[in-house]
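**Student:** predicted model follows, preceded by the sequence.
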Amino acid sequence: MPARIAVLVSGSGTNLQALLDAPDPAYEVVGVLSDRADAHGLVRAQHRGIPVEVVDLGDSTDRSAWDARLAEALQAWEPDWVVCAGFMRILGPCVLAAFPSRIVNTHPALLPAFPGAHAVRDALAYGVRVTGCTVHLVDAGVDTGPILDQRVVCIRDDDDEESLHERIKVEERAMLVETVQRLCQHGCTVDGRKATIP
Ligand code: GRF
C-alpha cells in the first residue's frame with residue numbers, strides 16, 4: 001500500500017509537481033491544501049484529479065481558529081505524512097499535535113542559516129559563497145525542526161535572487177522527492193535534534 005501524503009502549497013507548486021511526477025512513488029498524494037485560493041499548485045493538483053482545499057487565514061476569526069480548520073481539513077484525508085512544499089505560513093499547535101514528527105518542510109537555504117520567508121535574499125545579502133536547501137521535520141519554531149537532508153548550491157558573482165532561487169529549486173525538488181520516498185518506505189526515528197531514516 002502506498003503511503004498517503006497531503007501537500008501544503010502557497011505558490012507556484014513546482015515542488016508539488018515533482019512529487020506528482022516521480023516515477024514509482026512509494027506514496028499517493030491524497031490532497032493538496034493551500035492558504036491562498038490563487039496558488040497555482042492547486043491547479044496542478046486539480047489536473048491530476050486530486051482533492052484540493054483552501055484554508056485562508058483571512059477567512060478565520062484568528063490564528064488559532066485557522067490552525068484548527070487546517071488540522072481538521074488535513075485529518076479528513078487521513079495522511080501518513082504532511083509535506084509543506086512552499087507553504088509560507090507557520091503551522092499551529094493543532095496541526096503539529098495531529099501529526100507529531102509527521103510533517104516535512106523544504107527550505108531554500110542551509111539551515112540553521114537563513115530561516116524565514118526570505119532565505120535566498122538573506123543569503124545573497126550576507127555574501128555567503130555557498131547556500132542550498134534543507135528538508136526537515138516541522139516543529140513549533142520557524143524552520144528549526146530536525147534536519148533530514150541538505151544539498152549545497154554555489155553562489156555565482158552575477159546571481160540575483162531569482163537566478164539563485166531557480167538553481168536552488170532544481171536541487172530542492174530532487175531532494176524533496178527522494179526524502180519523501182525514503183520516509184514513506186522506511187519511516188524515521190528522532191533522537192533530540194537527530195532525525196534518521198533507516
Ligand atoms: C521553494 O523554494 C520553497 O522552499 C520556498 O518557496 C519555494 C516554493 O516553490 N519556501 P514552488 O511553489 O514549489 O515552486
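**Tutor:** That came in fine, so what should we check first?
**Student:** quick one: name the residues of this protein near the ligand.
**Tutor:** 9, 11-15, 85-86, 106-108, 169, 172 (Cβ under 6 Å from any ligand atom). Yep, even glycine has a C-beta here, placed from its N, CA and C like the rest.
**Student:** in helices, which of the residues you listed appear?
**Tutor:** Of the residues of the chain next to the ligand, the ones assigned to helices by DSSP state H are Thr14, Asn15, Lys169, Glu172.
**Student:** chain neighbours aside, what residue packs nearest to the residue of the chain at minimum distance from the ligand?
**Tutor:** As assessed by Cβ to the nearest ligand atom, the ligand sits closest to Gly86 within the chain, at 2.7 Å. Spatially, and ignoring its direct neighbours in sequence, Gly86 is nearest to Gly11 (5.1 Å; Cβ to Cβ, 6 or more residues apart in numbering).
**Student:** and the one you found, its phi and psi?
**Tutor:** phi -130, psi -130 (degrees, to the nearest 10).
**Student:** quick check: it touching Ala85?
**Tutor:** No: counting by Cβ atoms under 8 Å, Ala85 is not a contact partner of Gly11; they are 9.4 Å apart.
**Student:** between these two, who's got more neighbours?
**Tutor:** Using other Cβ atoms under 10 Å, the more surrounded residue of Gly11 and Ala85 is Ala85, with 27 against 17.
**Student:** look up how far Val104 lies from the closest residue to that one other than its chain neighbours.
**Tutor:** Spatial nearest neighbour of Ala85, excluding adjacent residues (Cβ to Cβ, 6+ apart): Asn15 at 3.8 Å. Distance check for Asn15 against Val104: by Cβ to Cβ, to the nearest Å, it reads 11 Å.
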